[in-house]
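Novice: Just need the structure, nothing else, for what follows:
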Amino acid sequence: MKKSISIFGIVLTALGLMAFSWLNWNNMDKQANSDFYYNLGSKFGTTITKENLHKATSVLDIVPTVAEGWWKVSFQTVTVALLQDHDEIIVFGNEKVLNDDQIRLLQSTEYSSNFYIKARGKDKHPDTGKIEDYTYYFTVTPEKEAEYVDGQDALIAYLKDNCRKETYLAKEDSLERGMISFTVTKKGSITKVELLASSGYPVIDKTMVELITNAPGRWEPAADTEGKKIDQELVFSFGRGGC
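Specialist: Residues are numbered from 1 along each chain as shown. You can find the predicted model right below:
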């Protein structure tokens, strides 16, 4: 009788552990997919095509139309800077119309180049009473950008499904915005996968790099204004959301 009770107790314990594991896995699945950020695009969210950039003669030809301050405010300085690795090539101006050196710098950009424009107001802002700075960061994109054939949602679903265990371990207060760059070649293959910024969790970083490197499916390469296939650098951001 005692032996039967003992066996029954062991069975109940085992079932309890199985149920706990199942509930814990379900909870892991939900947490791994709720607070963790995924996004695919250019290095900077604001973009401009190479064709449009090379035609620009004013900063107003470049900044988004929603940037109302750029139209309303007079500037005392306008800085154009091309970002190259860990260096910047900077050309200064003092008005919205680009000077010859600024135009030459912007026309030297290639696809996937990154640059910024920073302007300082001439007069005090009517609301803040201060001299304001206005800055925009840009990535130069092809006229037709590279696309994952099955769609971006399918690619992110693949990444989510294959990193649940790793993302479950991440705590929101110590999570950072991770960034991985990679190039979609003119032949539709993936090369130059590189971690640009850590999420704060090396195991997550390593997993994401491996998943992107070995992602299934096909890519449709980018094309220029004449329809010629070209390479394009993309950036996958993950981890902490927001700005």
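Novice: okay, how far is it across stretch 46-61, tip to tip?
Specialist: Across stretch 46-61, the terminal residues are separated by 13 Å (CA to CA, to the nearest Å).
Novice: Give me the contact list for that stretch.
Specialist: Residues from elsewhere that reach stretch 46-61, judged by CB atoms under 8 Å, 6 or more residues apart in numbering: 62, 64, 70-71, 78, 96-98, 103, 106-107, 109-111, 117, 119, 136-143, 224-225. For glycine as for every other residue, the C-beta is placed from the backbone atoms N, C-alpha and C.
Novice: could you flag which of those residues are buried?
Specialist: Buried by 16 or more other CB atoms under 10 Å: 62, 70, 78, 96, 98, 103, 106, 109, 111, 117, 119, 136, 138-143, out of those.
Novice: What about those residues, which are in strands?
Specialist: 78, 117, 119, 136, 138-141 (DSSP state E).
Novice: Now pLDDT and distance to H54 too, for these, in TSV please.
Specialist: As requested, those are arranged in TSV below (pLDDT from 0 to 100; distance: CB to CB, whole Å):
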residue	pLDDT	distance to H54
V78	97	18
I117	98	15
A119	96	21
Y136	95	18
F138	98	13
T139	98	15
V140	98	9
T141	97	13
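Novice: of these, closest to T207?
Specialist: Checking those against T207 by CB to CB gives T139 as the nearest, at 25.6 Å.
Novice: Which residues does the closest one form beta bridges with?
Specialist: Beta-bridge pairing for T139 (DSSP bridges): T47, N114.
Novice: Would you agree it is in contact with S112?
Specialist: Yes. At 6.8 Å, T139 counts as touching S112 under the criterion of CB atoms under 8 Å.
Novice: which residues do these two both contact?
Specialist: In contact with both T139 and S112: S42, using CB under 8 Å, 6+ apart.
Novice: Which of the helices and strands in this protein ranks last by mean pLDDT?
Specialist: Within the chain, no helix or strand scores below helix 2-34, which has a mean of 44 by mean pLDDT, DSSP states H and E.
Novice: Cool, thanks, talk later.
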